[in-house]
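Novice: let's see this in three dimensions:
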Amino acid sequence: MSELLHSFHIPVMGTAFTIESPFKVARYGISSVISLVDDTLIEKMRRFYCRVMGRECTHIRKQDHDSRADRITAYLNLMDEAVKEQFEKLKASAFEMGSEITKYFELLPETSPLKQLYKAMQSLKDSVEKRRIQDELRERIKPGAIDVNIMTKVDRHTFDGNGEPLPSEFSDALAALRGYARSSVESSIVFSAGFNGRLYGYAEQFDDFHADENGNIKKKIVIKVNDYRSALTQGKFFAKKGLWVSEFRLESGLNCGGHAFAHGGALMGPSLEEFRNRKDELIATLFEIYNRALRQKKKRTFDRPHALRITAQGGIGTAGEQSFLLRHYRLDATGWGTPFLLVPEATTVDPTTLKRLCEAGREDLFLSDVSPLGVPFNNLRTSLSEEAKRARIRTGKPGSPCTKGYLKSNTEFSETPICVASRAYQERKIEQILAGGSDPESARAAIEAVTSKSCLCTDLGGTAILTHGLAESEDGPCVPAICPGPGLAYFTRAVSLREMVDHIYGRADIIENRTRPNLFISELEMYIDYFDNELRRSLPHPNEQTAKYLREFETNLLEGIAYYQELIPRWSDGPPEYRARMKRDLGLCRERLLEVASHFHDMPSLDPDAGLAIGRETAL
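Specialist: Residues are numbered from 1 along each chain as shown. Here you go, the predicted structure:
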């Protein structure tokens, strides 16, 4: 791993919150990830930055051939050029207080060899040696990466102007991959939200994803996973294509922003432990398959594996947690997402939404049903999007206009898919419910479930539209949604980039609320809440498949609690009272889990001998 890398990155957040982060932070050596979902927003941002940079800009129209891929390529190329220009100016700036190059080095962690060389240079009086070291420092620095993200399940099939389906390579995910592959950036593509064989197989067609004769990979593959098994399975798929996965990025299922995936109760700590213990085995297994595939394709094989990084993200909020994760689990880096929503120098959040984020308490941050994908979605109760949705419901006009359609998937009322958050769907679905003869209470609950959905395609991009004044007449009202993780409640003000980076590295502390629990405890609490809700939904007679899922979920939670009981004495990044609180909080979690499961332990549909594992003290 390069000595220049920070030990954190800024993960993708929504479709807009990191859409321009490389413009803001890459010159300081900080890597960030932009979403490739919304090519309409990407095109608006390209035209905006062309104006800012004084560049000519030919609009890429939606109806143009391969417009989605071309828009993505054009935006990434523009961003690549801009970051390189910014970085050259930074390199040429003077080593003096307030300069860009000074800011670069001041942001680096204290453990960085370059930071240590920079401090040694500062101690010297003006001399030939001092100027020599300054020249060396200028030559050794590099910008952060312009990484991109594709949510693999957002892969809508597209149609031409006559309504005829286009070839499969024009689906949303494949077109986005093609747009990235054709761009000039040297970075990583992050695949998230699960396996997509068609998309993964398509990557093989592009040379930039393959290692060259020297083993260098221009565009690296990163997979966001929730456990070791998922990493091994997906890594094997790519290895069989002669493609190397350069990083597995483990993310907490629930203690994160955006869409949340419970993953059967698989907790972050035990998953990280398995990666720690089996990383060498993982690399060896994938390398054998990879080299075998290269031989079959009559390509050059390699004597040793390419670099493979393991990183983690989701709920990290203190320097102590950052330090422990890197040291104990031997991670290469971590991802800090939600806290950076409060850093205007790094992310894009309109002033109204930023103010509401700062004011948000724990009750304002909730796991909602707003996503048309049917996946739980971290949400802000006070967002403009939520306010607008409630207003539409009150006036009898639920649902949103569907102008982008990235999440169209429902064919209940039409041959062509429509979105369940759209007005067209919700009006018809409500009519069907009212005509079905259900009792009033059941009908009300069914209607609430329908109208809970929001137009994430448009609303998640709204914050960039408001911030830069990009609204056009056909866009309709701009009511931004936002998707912070629950840990935001402990960050209460907007901060500078310097303040946030100092917080990550332990040079400052911007958390004022001392009641914040440890990240593993926070995640465990969320999983117990989720388990409770799943159990209640299964009443009174869960089928055997549901019962099996609940048993596995509960077993994973019990095993996780046992793991954390053993981990706490080894948590040295903090005072003794920190570990004492972790132990106390873990005990409360265990009591809560026992109480939750006891209400359902004797569910009549379950075989008593195959019932929930609660009460089996041996599991602890």
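Novice: which secondary structure state does residue 13 sit in?
Specialist: coil (DSSP: H, G, I helix; E, B strand; the rest coil).
Novice: mind listing what's buried along the helix or strand residue 566 falls within?
Specialist: Under the criterion of DSSP states H and E, residue 566 resides in helix 544-567. By 16 or more other CB atoms under 10 Å, the buried positions in helix 544-567 come out as 546-547, 549-551, 553-561, 564, 567. (Each C-beta comes from the backbone N, C-alpha and C, glycine too.)
Novice: got it, and stretch 181-189?
Specialist: Using 16+ other CB under 10 Å as the test for burial, stretch 181-189 gives 181-183, 185, 187-189.
Novice: endpoint to endpoint, it covers what distance?
Specialist: 9 Å (CA to CA, to the nearest Å).
Novice: need the residues that contact that stretch.
Specialist: 31, 69, 72-73, 76-77, 79-81, 145-150, 177, 180, 203, 206, 208-209, 218-222, 246-247 (CB atoms under 8 Å, 6 or more residues apart in numbering).
Novice: cool, stretch 201-214 as well?
Specialist: 169, 174, 177-178, 181, 217-219, 221, 238, 241-244, 299-300, 302, 306.
Novice: could you flag which of the residues you listed are buried?
Specialist: Of the contacts of stretch 201-214, these count as buried by 16+ other CB under 10 Å: 174, 177-178, 181, 217-219, 221, 238, 241-244, 302, 306.
Novice: from those residues, which ones fall inside strands?
Specialist: If you go by DSSP state E, those have residue 221 in strands.
Novice: which among the contacts of stretch 181-189 end up buried?
Specialist: 31, 69, 72-73, 76, 79-80, 145-150, 177, 180, 203, 206, 208-209, 218-222, 246-247.
Novice: which residue packs closest to residue 553, ignoring adjacent ones?
Specialist: Nearest-residue entry for residue 553: residue 265, 3.9 Å, with adjacent residues in sequence omitted and distances by CB to CB, 6 or more residues apart in numbering.
Novice: quick one, what contacts that neighbour?
Specialist: Going by CB under 8 Å, 6+ apart, the list of residues near residue 265 reads 527, 531, 552-557, 560.
Novice: buried residues in stretch 563-579?
Specialist: Applying 16+ other CB under 10 Å to stretch 563-579 flags 564, 567-568, 571, 573-574, 578-579 as buried.
Novice: measure that stretch end to end?
Specialist: Start-to-end, stretch 563-579 (CA to CA) is 15 Å.
Novice: give the helix, strand or coil label for residue 402.
Specialist: Secondary structure state of residue 402, per three-state DSSP, is coil.
Novice: mind checking pLDDT for it?
Specialist: At residue 402, the model reports a pLDDT of 85.
Novice: residues touching it, list them.
Specialist: By CB under 8 Å, 6+ apart, residue 402 lies in contact with 408, 418-419, 421-424, 455, 457.
Novice: quick one: those as JSON lines, columns for pLDDT and distance to residue 501 too.
Specialist: As requested, the contacts of residue 402 are arranged in JSON lines below (pLDDT from 0 to 100; distance: CB to CB, whole Å):
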{"residue": "408", "pLDDT": "89", "distance to residue 501": "40"}
{"residue": "418", "pLDDT": "92", "distance to residue 501": "44"}
{"residue": "419", "pLDDT": "93", "distance to residue 501": "39"}
{"residue": "421", "pLDDT": "94", "distance to residue 501": "37"}
{"residue": "422", "pLDDT": "93", "distance to residue 501": "41"}
{"residue": "423", "pLDDT": "94", "distance to residue 501": "44"}
{"residue": "424", "pLDDT": "93", "distance to residue 501": "46"}
{"residue": "455", "pLDDT": "92", "distance to residue 501": "35"}
{"residue": "457", "pLDDT": "90", "distance to residue 501": "32"}
